[in-house]
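J.: Below: sequence and its predicted model.
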Amino acid sequence: MGMYGWSGYTAKSYREQIESAIKDIQTLRDKHKFDALAFCGSSGGSIAFPACLALGIPLIMVRKEGEKSHGEYVECHEHARIKSFLIVDDFIDSGETIRFILEKAIQYSECDIEQQLHWSCVGAYQWDSSNAVYEDARVFTIKVPHMRRKQKYGLPLWAPNSVI
């Protein structure tokens, strides 16, 4: 059986990957002023959970389509504190996971009529440098149901070697 994402790392190399990702994410946060990290699945969560703890910022967890759980489809603590977020995943291939996280997080923030959160996304960070790509702006189209329209987002995609 092949190794994928974080499961292919030894304990030592995984710890080094987490430490490196936290430094990159802090550098991105200093430049782009986001308040939270968003992820979907174990590949994003393997870095997002320790990074949020280290940086003292909220976490937005988006469940995969069809995932069975006792929790909500999007789970977040301190959601009122969030104005913008960074998506974290291992790498970006088709961009479908990034589009999915973006769409579900924005929908979640838009559906809270009382608090009118209106989160925005600053981009996506790919922590697995062996597969990561850098792009200035890949365009993602998401559905915004209450507005009955689609919205386009041009998001930068950062790889470990592109964070300066």
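T.: Okay, I see it. Numbering: from 1, shown residues only.
J.: For stretch 33-50, give the mean pLDDT please.
T.: For stretch 33-50, mean pLDDT is 93.
J.: ok, and for it, which residues are buried?
T.: Residues of stretch 33-50 classed as buried: 34-41, 43-50 (neighbour count, 16 or more other C-beta atoms under 10 Å). Just so you know, the C-beta spots here come from the backbone N, C-alpha and C atoms, and that holds for glycine as well.
J.: closest to residue 62 among those residues?
T.: Residue 62 has its nearest neighbour among those in residue 40, at 4.5 Å by C-beta to C-beta.
J.: Please pull up the helix or strand immediately following the longest helix along the chain.
T.: If you go by DSSP state H, the chain has its longest helix at helix 11-32. Downstream of helix 11-32, the first helix or strand assigned by DSSP states H and E is strand 36-39.
J.: Partner strands of the helix or strand of the chain with the lowest mean pLDDT, with direction?
T.: Ranked by mean pLDDT, DSSP states H and E, the weakest helix or strand in the chain is strand 135-144, scoring a mean of 75. With DSSP bridges as the test, strand 135-144 is paired with strand 149-158 (antiparallel).
J.: Residue 98 touches residue 155, doesn't it?
T.: Yes. With contacts defined as C-beta atoms under 8 Å, residue 98 counts as touching residue 155 at a distance of 7.2 Å.
J.: between these two, which one's more packed in?
T.: Remark: of residue 98 and residue 155, residue 98 carries more neighbours, 25 against 22, as counted by other C-beta atoms under 10 Å.
J.: Hmm, residue 156 is touching residue 140, no?
T.: No. Checked against C-beta under 8 Å, the pair residue 156 and residue 140 is beyond contact range at 11.6 Å.
J.: okay, the two: which has more neighbours?
T.: Neighbour totals were compared for residue 156 and residue 140, and residue 140 leads with 20 against 16 (other C-beta under 10 Å).
J.: which one is the more buried one nearest to, not counting chain neighbours?
T.: Using C-beta to C-beta, 6 or more residues apart in numbering and skipping the chain neighbours, the partner closest in space to residue 140 is residue 99 (4.4 Å).
J.: Near that neighbour, how many other residues are there?
T.: When neighbours are counted by other C-beta under 10 Å, residue 99 registers 18.
J.: buried sites along stretch 59-76?
T.: For stretch 59-76, a neighbour-count test (16+ other C-beta under 10 Å) marks 59, 60, 61, 62, 63, 74, 76 as buried.
J.: That one: how far from the chain's middle?
T.: Distance of stretch 59-76 from its chain centroid, counting by C-alpha atoms, centre = their mean, to the nearest Å, is 13 Å.
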